[in-house]
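1. just need the structure, nothing else, for what follows:
(one chain, ligands or ions: 1)
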Amino acid sequence: MSERGPGGRAPAERPGRDNGLVSAQERETVVPENLDDLVIHMSGVGVRRGGNKLLADLDWSVELDERWVVLGPNGAGKTTLLKLAAAELHPTNGAVHVLGERLGRVNVFELRTRIGFTSAALNGRVPPEETVRDVVVSAGYAVLGRWREEYETLDTERADELLAALGIGHLATRTYGTLSEGERKRTLIARSLMTDPELLLLDEPAAGLDLGGREDLVARLSTLAFDPDAPAMVLVTHHVEEIPPGFTHALLLGEGRSVAAGLIDDVLTSENLSATFGQELLLERSGDRFFARRR
Ligand SMILES: Nc1ncnc2c1ncn2[C@@H]1O[C@H](COP(=O)(O)OP(=O)(O)OP(=O)(O)O)[C@@H](O)[C@H]1O
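-> Next up, the predicted model:
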């Protein structure tokens with residue numbers, strides 16, 4: 001099947017395996033028989049660029065009803081991991097399944113329509129003159145930037161509902177360029193939910209927000225996390241303070257490798273955090289929130 005998308009772009013990088021032979025690397029990967037409940041499954045995954053190992057030996061699974069936080073220092077490989085989950089990158093070795101489809105054997109352009117993804121990179125690509133409502137509604141047409149004079153009423157109603165749920169319904173007719181950083185983040189989260197995705201990926205959604213903006217966003221994401229109808233979620237952050245209540249699992253990444261992964265209460269410990277960030281850290285819990293500082 002061709003992976004050439006509507007824009008005629010070349011497919012993302014993929015391992016060379018078109019000769020039908022199974023490589024030694026692939027033989028080492030473990031692919032579960034029943035992928036139905038697994039939104040993400042990575043087995044023996046590595047990503048290399050030049051001489052750098054961005055990710056190595058990674059095994060990770062995300063189930064339908066799970067909400068994961070991925071924590072790690074700068075350069076740990078968090079964004080690389082999220083790009084794999086978003087089907088924007090192929091592994092150098094190992095197997096990645098997303099929504100039951102194996103990367104390298106699926107039309108990634110179709111797969112991406114089932115995934116909501118927000119990142120700082122997307123923020124930079126939104127035309128500043130676009131209205132907030134259009135930024136959200138255009139996700140349903142897999143475009144960024146105005147390409148129609150009018151959208152379907154049902155679509156604009158859904159966009160308005162999502163904006164209201166994120167507390168920015170009153171900004172629907174404002175232009176994106178006039179929004180604060182926090183309002184932009186919430187607009188992009190509304191956009192990522194527009195297509196009713198089966199998987200929601202959030203790359204540092206609270207980065208650059210002031211304390212009030214962060215707390216507001218954490219509360220909105222917490223509401224989403226507790227919603228049983230919400231998609232499986234993966235949130236990348238550097239800060240334990242940004243973990244919304246309702247998130248169930250954590251993956252700690254350090255230098256491209258998993259330091260610990262599993263239920264948040266088991267994984268988030270002072271010891272694991274210290275090992276991940278390479279210094280003595282004290283993790284404290286207050287109610288359903290986490291705080292960390294140097295010992
Ligand atoms: N194309 C590339 N070629 C070489 N090295 C790369 C490339 N892309 C990323 N890297 C390196 O891989 C490492 C992991 O990058 P990645 O962006 O995944 O980390 P991150 O955990 O998201 O970091 P941050 O928290 O700073 O955003 C970094 O050291 C980065 O410099």
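
2. drop to CA atoms for contacts and neighbour counts, all remaining ones
-> Noted.

3. who does the helix or strand hosting residue 261 pair up with?
-> Per DSSP states H and E: residue 261 is located in strand 257-263. Applying DSSP bridges, strand 257-263 is found paired with strand 249-254 (antiparallel).

4. coming back round to it: chain center to the strand holding residue 261: distance?
-> Strand 257-263 sits 17 Å away from the centroid of its parent chain (CA atoms, centre = their mean, to the nearest Å).

5. enumerate the residues of this protein near the ligand.
-> 49, 52, 54, 73-80 (CA under 6 Å from any ligand atom).

6. could the residues you listed be laid out in TSV, adding neighbour count, secondary structure and pLDDT?
-> TSV is the format used below for those (neighbours: other CA atoms under 10 Å; DSSP: H, G, I helix; E, B strand; the rest coil; pLDDT from 0 to 100):
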residue	neighbour count	secondary structure	pLDDT
49	9	strand	92
52	9	strand	91
54	20	strand	96
73	17	coil	94
74	13	coil	93
75	13	coil	92
76	22	coil	95
77	24	coil	95
78	28	helix	95
79	19	helix	94
80	19	helix	96
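
7. and the residue nearest to residue 101 when sequence neighbours are not counted, how many neighbours?
-> Nearest non-adjacent residue to residue 101, counting by CA to CA, 6 or more residues apart in numbering: residue 111, 8.0 Å away. Other residues lying near residue 111 total 16 when counted by other CA atoms under 10 Å.

8. these two touch, right, residue 111 and residue 97?
-> No. Using CA atoms under 8 Å, residue 111 makes no contact with residue 97, being 10.8 Å away.

9. quick one, helices of the stretch 1-150 of the chain?
-> 24-28, 78-85, 108-112, 120-125, 132-137 (DSSP state H, counting those that start in this stretch).

10. quick check, residue 271 in a helix?
-> Yes. Membership of residue 271 in a helix is supported by DSSP: H, G, I helix; E, B strand; the rest coil.

11. low pLDDT regions in this protein?
-> 1-33, 140-151 (pLDDT under 70).

12. could you look up the SS state of the residue sitting nearest the centre point of it?
-> Among the residues of the chain, the one closest to the centroid is residue 201, at 2.0 Å (CA atoms, centre = their mean). Look at residue 201: counting by three-state DSSP, its state is strand.

13. residue contacts, it?
-> By CA atoms under 8 Å, 6 or more residues apart in numbering, the residues touching residue 201 are 82, 85-86, 115-118, 233-235.

14. do the same with residue 219
-> So residue 219 contacts 244-245 (CA under 8 Å, 6+ apart).

15. what comes up buried for stretch 60-76?
-> Buried residues in stretch 60-76, counted by 16 or more other CA atoms under 10 Å: 60-73, 76.

16. any idea how far the nearest residue to residue 162 once chain neighbours are set aside is from the ligand?
-> Of all residues not flanking residue 162 in the chain, residue 190 sits nearest, at 5.4 Å (CA to CA, 6+ apart). Separation of residue 190 from the ligand (CA to the nearest ligand atom, to the nearest Å): 22 Å.

17. element containing residue 190?
-> Per DSSP H and E: helix 181-193 holds residue 190.

18. orientation of that helix relative to strand 199-203 in degrees?
-> In terms of direction (axes from the mean of the first three to the mean of the last three CA atoms, to 10 degrees), helix 181-193 departs from strand 199-203 by 160 degrees.

19. many thanks, have a good one.
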